[in-house]
Every structure is written in structure tokens, then in C-alpha cells.
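In: sequence plus predicted model, see below.
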Amino acid sequence: MSRSYIVAACRSAVAPRNGALAGCLPHELAAPVIADLLRRAGMEPEQVDELVLADALGAGGNPARVAALAAGLPQSVGGLSLDRQCAGGLDAVILADAMIRAGLHDVVIAGGAESYSRRPIRMRSFADGRPPEAYEQASFTPWPDRDPGMAEAAEALTQRLNISKDEQDKWAQGSHAKALASQSQLAAEITPVAGLSRDSFTRDLTPRHCARAKTVCGSITAANMAVAADGAAFVLIVSERFAQGHSGHAAAVLAGATVGADPLQPGLAPVPAVAKVLDQTGLAPRDLATAEVMEAFAVQALACQRGAGLPEEIVNRHGGSLARGHPIGASGAILAVRLFHDLVTSSGTGIAAIAAAGGLGSALILET
């Protein structure tokens with residue numbers, strides 16, 4: 001099977017829920033990013049074969065199809081929606097790569113869009129006629145007594161790995177500091193949406209702020225976990241044949257994988273995913289120039305970095321989701337966008353990795 005290549009990547013800025021992007025539904029977040037993606041690649045909408053879009057909080061109805069129509073893609077693009085929670089945006093890229101390598105398509109747009117602000121109200125109905133009940137979090141296992149909330153699972157991880165609140169807070173402070181210092185670099189990957197052209201949550205996070213942050217669970221606080229957010233991100237993936245005629249930047253997809261792990265410890269799931277893609281490529285962590293690791297919780301990022309043996313100095317060099325926010329279905333795609341832009345500005349090999357509720361981990365390796 002031939003190799004696939006990412007030839008363009010961009011995202012919206014990320015804004016906390018009920019913030020600057022609160023007026024946008026998922027397709028309204030996605031459409032301008034998709035249009036800009038094609039512009040950056042110098043391609044026409046008619047050249048696109050498929051759109052794969054991750055969305056975790058929507059109400060069904062195939063949001064990928066809605067986004068494809070809103071973005072002006074041809075009616076022949078059916079749109080494929082997927083829900084792998086936090087990992088969905090990265091899994092969309094992995095699936096698009098598989099489609100191209102299998103010869104199904106030549107040009108696929110892949111990523112995710114999430115509006116936490118405009119998410120539907122979830123209601124659970126009952127067969128006995130009781131009134132429906134609203135719920136915030138879906139079930140991620142079939143066992144009610146073994147289906148932890150994400151903050152509870154993160155706190156359990158701190159205890160399992162003996163990671164202190166101070167370590168978590170320092171990671172969060174570093175994430176914001178790196179993002180603040182990198183605003184000019186980050187601007188290159190952002191498509192303005194609803195007048196927003198920079199990640200609005202990034203700030204000077206100090207030890208004093210961390211000490212005063214609201215406790216969520218144990219050592220997990222509002223400062224060392226990512227804020228719920230809105231955003232969209234996409235990459236344009238093409239076949240080797242198309243890439244040969246492309247004059248701009250390109251990053252080869254070397255490997256991608258999603259694995260299942262212990263649903264009680266979802267934060268550890270990226271570790272075997274990273275090991276799997278490294279094994280597929282024959283690479284070692286020391287061979288990587290850069291790594292984008294999801295920061296839904298600081299402890300999760302620390303667990304992944306240490307467990308996978310990734311050098312700390314290459315991880316989230318321009319900040320992570322602690323400094324942006326967490327638009328669930330889009331977060332994995334944001335990692336892929338970040339990785340692409342880092343690799344085309346300084347060539348090499350890099351990895352993106354993310355955990356998801358239910359004990360899922362995904363990883364992707366790109367090379368320029």
C-alpha cells in the first residue's frame with residue numbers, strides 16, 4: 001500500500017465554553033477552517049473525496065455531512081462522523097490515512113469540531129414511564145461501579161504514580177508560559193472564526209493562581225485540568241500520487257494506532273499506543289524531534305510523557321490544551337495540526353498522542 005501525506009493543516013482558535021465561539025454550531029466552526037484548508041493547499045472543493053469529522057457532544061444527524069455542505073464541498077462528499085470522545089479528532093486522521101493507503105480515496109479532509117457551548121441537553125428515558133432524567137456524562141463502560149468520572153480517574157492516577165499537586169501545577173504553568181511565548185508561531189496555524197484569531201484562555205498562570213484554584217477532586221483543580229471549550233481543526237491528507245504534484249509542504253504519515261486499555265485508568269492508555277506506533281516504524285523516543293501530548297489533565301500528560309519515555313523537552317513545545325482548552329472531538333485533530341506545523345518549520349519526525357474515556361489511547365507519527 002502506498003503512503004499518505006498531509007499537505008495542509010489548520011484550526012480555529014480555541015475558546016472556553018460560553019466564550020467567543022459560543023454562537024457557533026459545530027458545522028459553523030468547521031466550515032471556515034475547511035475552506036481555509038483547501039486555500040492553503042491550493043486545491044478546489046471538487047477534488048475532495050471524503051470528509052471524516054469527529055464530534056463527541058452532538059445529537060447525531062451526521063455532523064460531517066452538515067459540515068461538508070456548509071463548507072461548499074461537492075454533494076458527492078457524504079461525510080463520515082465518528083465518536084471516540086477525546087481521541088476522535090486524531091482517530092479521524094488515522095482513519096483517513098487508512099482509506100488512502102487502501103486505495104479508496106485520493107483526497108480526504110479529516111479532523112473534528114466541537115461546540116461545548118451549544119451541545120444538546122442529554123436526557124435518559126425509562127421503560128417504566130418515569131420522567132426523563134438529564135445527565136452530563138455518557139457511560140464509558142457497562143459497569144456503573146467501574147465507570148469513573150474523568151477527574152476521579154485522574155486523581156486515582158496521581159496516587160498510582162505518586163504525582164504531586166505541585167508537579168501538576170508546574171506542568172500547567174509551563175503549558176501556559178510556552179503558549180504565551182509562542183503566539184506568533186501559533187498564529188500561522190489558526191483560521192479566524194467569529195472574529196477570534198488566538199486561543200483566548202492562554203494566560204500568565206502563576207503559583208498563586210494555582211494555589212487559589214478551585215478543587216475538583218483531590219489534587220485535581222481548575223488550574224491543572226483543561227477547561228471545556230469550543231473549536232475545530234482539520235488536516236488535508238492525500239495519496240502519494242497527489243503528493244507528487246504538490247509543491248508545498250508535506251508530512252508523511254508513518255504510522256497510526258488506537259488501542260484499548262484499562263477503562264479505570266484512561267490516562268495511561270496512550271502509553272501502549274505510543275509503543276505500538278514506535279514499534280511499527282522501528283523508531284525510539286530519542287529519534288523524535290517533537291511530541292504533542294494531550295493535556296486534558298496535567299497528570300495525564302505527565303503519565304504519558306514518562307510512561308512512553310518521551311524526552312520532556314520535546315513535549316508540547318508551544319504549550320498544550322491546559323493553555324487552550326479541550327474541545328473534545330477536535331482536540332486530537334488540534335494535536336495533528338500542531339505536529340504538522342512544527343515539523344514543516346523544522347524537519348524531522350514527531351508524534352501525537354491522546355487518551356480518551358473508556359480506556360482508549362491513540363498515537364500518530366509524522367515525518368517531514
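Out: Noted; the coordinates are in hand.
In: from here on, just use CA atoms for contacts and neighbour counts.
Out: Fine.
In: what about the strands in the chain?
Out: Here the chain has its strands, by DSSP state E, at 4-11, 15-16, 50-54, 80-82, 107-115, 123-124, 133-134, 215-217, 220-221, 229-239, 251-260, 290-293, 349-356, 360-367.
In: for the residue nearest the centre of the chain, give me its contacts.
Out: Ranked by distance to the mean C-alpha position of the chain (CA atoms, centre = their mean), the top residue is Gly332 at 1.6 Å. When the contact criterion is CA atoms under 8 Å, 6 or more residues apart in numbering, the partners of Gly332 are 86-91, 111-112, 294, 353-354.
In: which parts of the stretch 251-368 of the chain are helices?
Out: Shown for the stretch 251-368 of the chain, the helices assigned by DSSP state H, counting those that start in this stretch span residues 270-281, 298-307, 328-345.
In: nearest to His246 among these would be which one?
Out: Judged by CA to CA, the one of those that comes nearest to His246 is helix 328-345, at 14.4 Å.
In: state the mean pLDDT of the closest one.
Out: The average of the pLDDT scores along helix 328-345 is 97.
In: return the most buried member of the helices of the stretch 251-368 of the chain.
Out: Of all those, helix 328-345 has the most neighbours on average by mean count of other CA atoms under 10 Å, namely a mean of 27.
In: can you show me the CA trace of that helix as CSV?
Out: In CSV, the C-alpha atoms belonging to helix 328-345 read as follows (Å, rounded to 0.1, in the frame of the first residue of the first chain):
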residue,chain,number,x,y,z
ILE,A,328,-13.4,17.2,22.9
GLY,A,329,-14.0,15.9,19.4
ALA,A,330,-11.5,18.4,18.0
SER,A,331,-8.7,18.0,20.5
GLY,A,332,-6.9,15.1,18.8
ALA,A,333,-7.0,16.9,15.4
ILE,A,334,-5.5,20.0,17.1
LEU,A,335,-2.6,17.8,18.1
ALA,A,336,-2.2,16.7,14.5
VAL,A,337,-2.3,20.3,13.2
ARG,A,338,0.3,21.4,15.8
LEU,A,339,2.5,18.5,14.9
PHE,A,340,2.3,19.2,11.2
HIS,A,341,3.3,22.9,11.6
ASP,A,342,6.2,22.1,13.9
LEU,A,343,7.6,19.5,11.5
VAL,A,344,7.3,21.7,8.4
THR,A,345,9.2,24.5,10.1
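In: distance between it and the chain's centre?
Out: Centroid displacement of helix 328-345 relative to its chain, using CA atoms, centre = their mean, to the nearest Å, is 7 Å.
In: and if you look at stretch 248-259?
Out: In terms of CA atoms, centre = their mean, the gap separating the centre of stretch 248-259 from the centre of its chain is 15 Å.
In: quick one: mean pLDDT for it?
Out: For stretch 248-259, mean pLDDT is 96.
In: name the residues that touch that stretch?
Out: Among residues not part of stretch 248-259, those counted as contacts by CA under 8 Å, 6+ apart are 3-8, 41, 91, 94, 97, 243, 269-270, 272-273, 276-277, 280-281, 340, 343-344, 360-368.
In: pull out the buried residues from that stretch.
Out: When neighbours are counted by 16 or more other CA atoms under 10 Å, the buried residues of stretch 248-259 are found to be 249-259.
In: pull the most distant pair out of those.
Out: Checking the buried residues of stretch 248-259 against each other with CA to CA, the farthest-apart pair comes out as His249 and Val259, at 29.9 Å.
In: shaky segments in the chain?
Out: Segments of the chain classed as low confidence (criterion: pLDDT under 70) are 1.
In: need the strands of the chain in JSON lines (columns: distance to Pro74).
Out: Putting the strands of the chain into JSON lines (distance: least, CA to CA, whole Å) gives the following:
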{"stretch": "strand 4-11", "distance to Pro74": "19"}
{"stretch": "strand 15-16", "distance to Pro74": "30"}
{"stretch": "strand 50-54", "distance to Pro74": "10"}
{"stretch": "strand 80-82", "distance to Pro74": "14"}
{"stretch": "strand 107-115", "distance to Pro74": "13"}
{"stretch": "strand 123-124", "distance to Pro74": "35"}
{"stretch": "strand 133-134", "distance to Pro74": "38"}
{"stretch": "strand 215-217", "distance to Pro74": "46"}
{"stretch": "strand 220-221", "distance to Pro74": "45"}
{"stretch": "strand 229-239", "distance to Pro74": "16"}
{"stretch": "strand 251-260", "distance to Pro74": "26"}
{"stretch": "strand 290-293", "distance to Pro74": "33"}
{"stretch": "strand 349-356", "distance to Pro74": "31"}
{"stretch": "strand 360-367", "distance to Pro74": "29"}
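In: looking at those strands, which is nearest to Thr206?
Out: Per CA to CA, nearest to Thr206 of those: strand 220-221, 13.9 Å.
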